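S.K.: requesting a structural model of the entry that follows:
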Amino acid sequence: MSDYRVIEVKQSVLASNDQKANELRSKMKEKGTLLINLMSSPGSGKTTMLRRTIKALKGELDIAVMEADIDSDVDAAAISEVGAQTIQLHTGGMCHLDAAMCAQGLEGLAAGDTDVIFLENVGNLVCPAEFDTGAGVNITILSVPEGDDKPLKYPLMYQVCDLVLVNKTDVMPYFDFDLDTLCKNVAMRNPKARVIPISAQTGEGMDAWYQWLRERVAAWKTEK
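M.R.: From the prediction side, this is the model:
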């Protein structure tokens, strides 16, 4: 008989995180502020999409942003240029944010009666999907150059998302990318997830995204 114990650390850590995430989600619900966890691989266009969204909906929605990165403030500087309240979160080498980190960031942000807070998670298609941040909505951005097979290679990311924004559609003619195939691959992982094609650079498809955001914010404030 062995004289030592085996502890399933990952299971314990995730269970603790889920509890904190649920508490944070309830708190944000009471405030009427929608927290959105925005995930993607590096270079997909998260910051560009956020900048365009903030400028388009200024005066209609009060938007704040938490930027998560291993060690830089480049994205926070870019967001602050368009007039949104923002805070930079450094993860100290970790490739994701969890609920406790997110709660700490919200305290530092002190966003008050903000309608929606975007958490721009660390660029990574694996780790961020494993940790519930306490967000009310999970969004994944997939850029056209990454290929239409990403939902097959990174299933969990697409299983946890409510919306897939297919960015950089303006360069679709130059890549081996089929939108119908992408939609089928997303539906295979998550039939409830909606797919909206956009180009954050040119503005193509952004109106559909804005309307989706308006509806989710309104629903968050009214649904019990």
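S.K.: drop to CA atoms for contacts and neighbour counts, all remaining ones
M.R.: Noted.
S.K.: poorly predicted segments of the protein, please.
M.R.: Low-confidence segments of the chain (pLDDT under 70): 1-13, 70-72, 93, 111, 224.
S.K.: does the residue positioned nearest the centre of the chain lie in a helix or a strand, and which?
M.R.: Nearest residue to the geometric centre of the chain (CA atoms, centre = their mean): residue 38, 1.1 Å. Using DSSP states H and E, residue 38 sits within strand 34-40.
S.K.: partner strands of that strand, parallel or antiparallel?
M.R.: Sheet partners assigned to strand 34-40 using DSSP bridges are listed as strand 116-120 (parallel), strand 137-143 (parallel).
S.K.: as CSV, those with distance to residue 209 would be great.
M.R.: As requested, the strands paired with strand 34-40 are exported to CSV (distance: least, CA to CA, whole Å):
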stretch, distance to residue 209
strand 116-120, 14
strand 137-143, 11
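S.K.: could I get the full set of helices for the protein?
M.R.: Along the chain, the segments classed as helices by DSSP state H run 9-31, 46-57, 74-80, 99-109, 127-130, 150-153, 155-159, 179-189, 206-222.
S.K.: save these as TSV, and put in distance to residue 138 too.
M.R.: Below are those laid out as TSV (distance: least, CA to CA, whole Å):
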stretch	distance to residue 138
helix 9-31	12
helix 46-57	13
helix 74-80	20
helix 99-109	13
helix 127-130	9
helix 150-153	15
helix 155-159	9
helix 179-189	14
helix 206-222	12
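S.K.: find the nearest non-adjacent residue to residue 171, please.
M.R.: residue 144 (7.3 Å; CA to CA, 6 or more residues apart in numbering).
S.K.: show me what contacts that neighbour?
M.R.: Contact partners of residue 144, counting by CA atoms under 8 Å, 6 or more residues apart in numbering, are 166-169, 171-172, 175, 177.
S.K.: can you say which of those are buried?
M.R.: Among the contacts of residue 144, those classed as buried by 16 or more other CA atoms under 10 Å are 166-169, 172, 177.
S.K.: can I get the residues you listed in JSON lines including distance to residue 187?
M.R.: As requested, those are exported to JSON lines (distance: CA to CA, whole Å):
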{"residue": "166", "distance to residue 187": "14"}
{"residue": "167", "distance to residue 187": "18"}
{"residue": "168", "distance to residue 187": "21"}
{"residue": "169", "distance to residue 187": "20"}
{"residue": "172", "distance to residue 187": "21"}
{"residue": "177", "distance to residue 187": "17"}
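S.K.: of all these, which comes closest to residue 155?
M.R.: In terms of CA to CA, no member of the buried ones among the contacts of residue 144 lies closer to residue 155 than residue 166, at 16.2 Å.
S.K.: just grab the bridge partners of the closest one for me.
M.R.: residue 142, residue 197.
S.K.: OK, contacts around it?
M.R.: Contacts of residue 166 (CA under 8 Å, 6+ apart): 141-144, 195-199.
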